[in-house]
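Peer 1: Sharing a sequence plus its predicted fold:
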Amino acid sequence: MSFIFSTHRLHPDAEAMLKAAGDLRVASAPDPETLLREGEGAEIVIVRAPIPPAFFGNVPALRAVVRHGAGLDMIPYDAATAAGVLIANVPAVNAPTVAEHVFMVTLALLRQFRPMDRDLRNMGWSTGRAHSDRALDLAGRIMGVIGMGNVGKAVFRIAKYGFQLEIVANSRSPESLPDGVRFLSVDDLVSTADIVVLCCPLTPKTTGLLSRERIARMKPGAILVNVSRGPVVDDAALIEALERGRIGGAALDVFSTQPLPPEHPYFRQDNVIVTPHLAGITEESMMRMGKGAAAEAIRVMEGGLPVNLRNPEVVEHYRRRFPG
C-alpha cells in the first residue's frame, strides 16, 4: 500500500480519498527535523509546511510533492526536480476566499473597526461611536493590485463590479490584465493607489518589492493589504511609516517570520490588522484545496501525471525512475 505523507491534517473529505488509496500518515509536527524523520519512504507528500531541501537527498520511492494550495515557495523546486520528483499544486481554488478577505480587512481599516470595537466594549457606546468621525468610505477610491494571477483577478472582479472602484495593476504579464484595469509600473502604482494590495508570488524579483523608497511614495492615508508573502515587504520601513502616521494602515496576513512574535510592533498599532496566514482558509476552501491535492496524488499513484504539473522538465527523469 502506498505511503502518503501530509505535513498537516487535511479536510475530512480529502483524508477519506487518500485513505482509500493508500496509507495516509500525518506529521506529528511540521518542523524540518520531524518531516525528514517521519516522511522517509513516502511515495507522495502533501505540502502545507516548508519542505527542507535535504528531504530530497535519498528518495527512491518518492513520486510527487503536491502543494495544498497554489504557492510553490514551500517546495525546494531545484532539489525536487534534481531528484526526479514531480511538483504539483492546486491553483485558483482558494482565490475567491483570499479576495473576500482583502475586502473584509480593507473595510475594517477604513471604518476603524478595531479601535471602535475595543472602545465600545471597554469604554461604552459614545466612545466607540466617536471613531466614526475618522471612518472613510471605500467608494470612490483607487485600488492598486500588484500581481494579477488568480487572486489578483478575483480581487479585481469584486473591486470593479462590487464596489465600482478604479483599479490599477502591475503584473509580469501586462497583456493578461482584464479589461478595465490600467497597467502602471510599481512606482507609479504605489503613488497612485489609495489601497495597495499585494497578490504576487514570492520570487527573487518580488522579495523586498515594497521597499522603503516605495513605501515613501504611498499616499498619505493609503492602506496596504498583504496577502502575498511576508518578504515582499520591508518590515522596518512599514513599521516606521505606520508609527509616524505616514500611511493610513495595513492589513497583514503573511510575515517574514511566522508565527509572528507576540511582542512584534504590529500588535501595538490600532491601524494594523494582523491575521495568522489564513486569508485563503475557510471550511469550503480547505475542502477544495484538500480534494484537489488528493486527486493529484491519486492520479500520480495510478501512473498518470498531475494536471497541474509545475516542473514539466522533470518528466523524462521521472519516467526513468518509474518506468511502469
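Peer 2: On my side now, so go ahead.

Peer 1: quick one: the helices in the stretch 1-150 of the chain?
Peer 2: With helices called from DSSP state H, counting those that start in this stretch, the stretch 1-150 of the chain shows them at 12-21, 32-38, 77-82, 95-110, 113-123, 125-129, 150-157.

Peer 1: Which stretch among these approaches residue 138 most closely?
Peer 2: Closest to residue 138 of those is helix 95-110 (C-beta to C-beta; 5.8 Å). (C-beta placed from N, C-alpha, C; glycine too.)

Peer 1: For the closest one, buried residues please.
Peer 2: Under the neighbour-count criterion of 16 or more other C-beta atoms under 10 Å, helix 95-110 has 95-103, 105-110 buried.

Peer 1: I would like the residues contacting whichever strand or helix holds residue 286, please.
Peer 2: Assessed by DSSP states H and E, residue 286 sits inside helix 283-301. Helix 283-301 has contacts (C-beta atoms under 8 Å, 6 or more residues apart in numbering) with 2, 4, 10-11, 13-15, 17-18, 21-22, 43-44, 46, 63-64, 66-69, 86, 88, 90, 93-94, 96-97, 280, 305-308.

Peer 1: My guess is residue 168 contacts residue 193. True?
Peer 2: Yes - with contact defined as C-beta atoms under 8 Å, residue 168 counts as touching residue 193 (6.1 Å).

Peer 1: tell me, what's touching these two both at once?
Peer 2: By C-beta under 8 Å, 6+ apart, residue 168 and residue 193 have these common neighbours: 142, 143, 144.

Peer 1: any idea how far the helix holding residue 286 is from the chain center?
Peer 2: 17 Å (C-alpha atoms, centre = their mean, to the nearest Å).

Peer 1: now do stretch 314-324
Peer 2: Put simply, stretch 314-324 sits 31 Å off its chain's centre (C-alpha atoms, centre = their mean).

Peer 1: And the closest residue to residue 321 other than its chain neighbours, how far from residue 122?
Peer 2: Leaving aside its sequence neighbours, residue 321 sits nearest to residue 84 (C-beta to C-beta, 6 or more residues apart in numbering; 4.7 Å). Applying C-beta to C-beta, to the nearest Å, the value for residue 84 to residue 122 is 59 Å.

Peer 1: pLDDT value on residue 324, please?
Peer 2: If you check residue 324, the pLDDT there is 75.

Peer 1: I'd say it and residue 318 touch.
Peer 2: No - Residue 324 lies out of contact with residue 318 (C-beta under 8 Å); the separation is 11.7 Å.
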